[in-house]
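fold the following for me, if possible:
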Amino acid sequence: MTDEAEDKKMNPDVRRLLIYLVLSFTLTFLWFFAVIPKGQTWDDMTPEMQSFVALGMLFPFISHILTRWITHEGFAMTGDGSMRMGISFKDRKWIFFVLALILPWIYMESANIISLIIAPQCFDPEYYVSLDIDKRLIMILPLNAMVSGTLVSVAALGEEGGWRGYMMPKLVKIMGRGKALLLGGIIWGLWHAPLTCIGHNFGTDYPGFPFVGIIKMCIFCTLMGIILTFLTEKSGSVWPAVFMHAVNNNSPSILNGYIDHEKAANAIVSPYWVGMLISLVTIALIIWKCDGGTVPLSHGTSPHKA
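Numbers count the residues shown, from 1 in each chain. A predicted model of the protein is given here:
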């Protein structure tokens, strides 16, 4: 074994990251396999059962805490090597909290517009009726998603408190930012596999189920990871990523009330998926270009602060 290989083997950050990943995947997968009713898909479950299953999304953050306890890294809230749980609006960091709230609306509305261009037959001016939404409320759906997502963001904290709070800083320190964003997105996507296999993310009725869905989830998580990591490193806090993740899960889009995506169910590639891919790639490229890929996560400070 070469000295370089030996050094890499003994790197404490590699060891800590491996401990974290083993804990995250083991605890989460055990939970999903234990509580998901055998033979049921996500749509087969009652809302109460779905909420119970979704408790598994808390394990990345729980694993973060357990890893710090095992490795004696401490539980600092802010600063270098911290859990990134602090909140500061100094040095214009408040901008990234605002971005966290509005970006999901931007890329979801854009995805819907693109999907209508690809499949105009999906437009249904009365679709909101089937969703039990009052027409007068459609225009404030994004605001409702932002407010409710911010107030009820426990599941999002469960994920972002682990992925952005622990995994990404370690990956960046080990292999550099570009490779870390790619590998981190793939890891995050694979972690969703049990839920993807029961149709939580893309349903079950599509060609190549569930393997195509797992690949799509890895792509989606990589692009989302670029945005969420950007918000975390610029603010020095996981909370913008938590809020954006939670708002994203609430689907903040006005056009959701006028589009029946089932009318394009026979399409080889979902028009909405194409729209989402284009939207996220565009935002990720803008962020990458503006950021320059130079700010390391491990510093835990805004680039505007020395």
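
please make it C-alpha for all contacts and neighbour counts, starting now.
OK.

where does pLDDT dip in the stretch 151-300 of the chain?
For the stretch 151-300 of the chain, the stretches with pLDDT under 70 are 266-268, 292-300.

if you set the cut-off to 80 instead, what comes out?
Counting by pLDDT under 80, the stretch 151-300 of the chain contains low-confidence ranges at 265-269, 289-300.

quick one: the helices in it?
In the stretch 151-300 of the chain, the segments counted as helices under DSSP state H, counting those that start in this stretch are 154-162, 168-175, 177-191, 193-196, 211-235, 239-249, 271-291.

winner for burial among those?
Highest mean neighbour count among the helices of the stretch 151-300 of the chain (mean count of other CA atoms under 10 Å): helix 239-249, with a mean of 27.

can you give me the angle that helix makes with helix 211-235?
140 degrees (axes from the mean of the first three to the mean of the last three CA atoms, to 10 degrees).

how about residues contacting helix 239-249?
When contacts are defined by CA atoms under 8 Å, 6 or more residues apart in numbering, helix 239-249 is touched by residues 85, 87, 96-97, 100-101, 103-105, 145-146, 148-150, 152-153, 155-157, 160-161, 164, 228-229, 231-232.

how distant is that helix from the center of its chain?
Going by CA atoms, centre = their mean, to the nearest Å, the spacing between the C-alpha centre of helix 239-249 and its chain's C-alpha centre is 8 Å.

export that helix as PDB, just CAs?
Presented in PDB, the C-alpha positions along helix 239-249 are these (Å, rounded to 0.1, in the frame of the first residue of the first chain):
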ATOM      1  CA  TRP A 239     -32.100  26.800   7.600                       C
ATOM      2  CA  PRO A 240     -32.400  28.300   4.100                       C
ATOM      3  CA  ALA A 241     -32.000  24.800   2.700                       C
ATOM      4  CA  VAL A 242     -34.500  23.500   5.200                       C
ATOM      5  CA  PHE A 243     -37.100  26.200   4.200                       C
ATOM      6  CA  MET A 244     -36.500  25.700   0.400                       C
ATOM      7  CA  HIS A 245     -36.800  21.900   0.800                       C
ATOM      8  CA  ALA A 246     -40.100  22.300   2.700                       C
ATOM      9  CA  VAL A 247     -41.600  24.800   0.300                       C
ATOM     10  CA  ASN A 248     -40.600  22.600  -2.600                       C
ATOM     11  CA  ASN A 249     -42.500  19.700  -1.000                       C
END
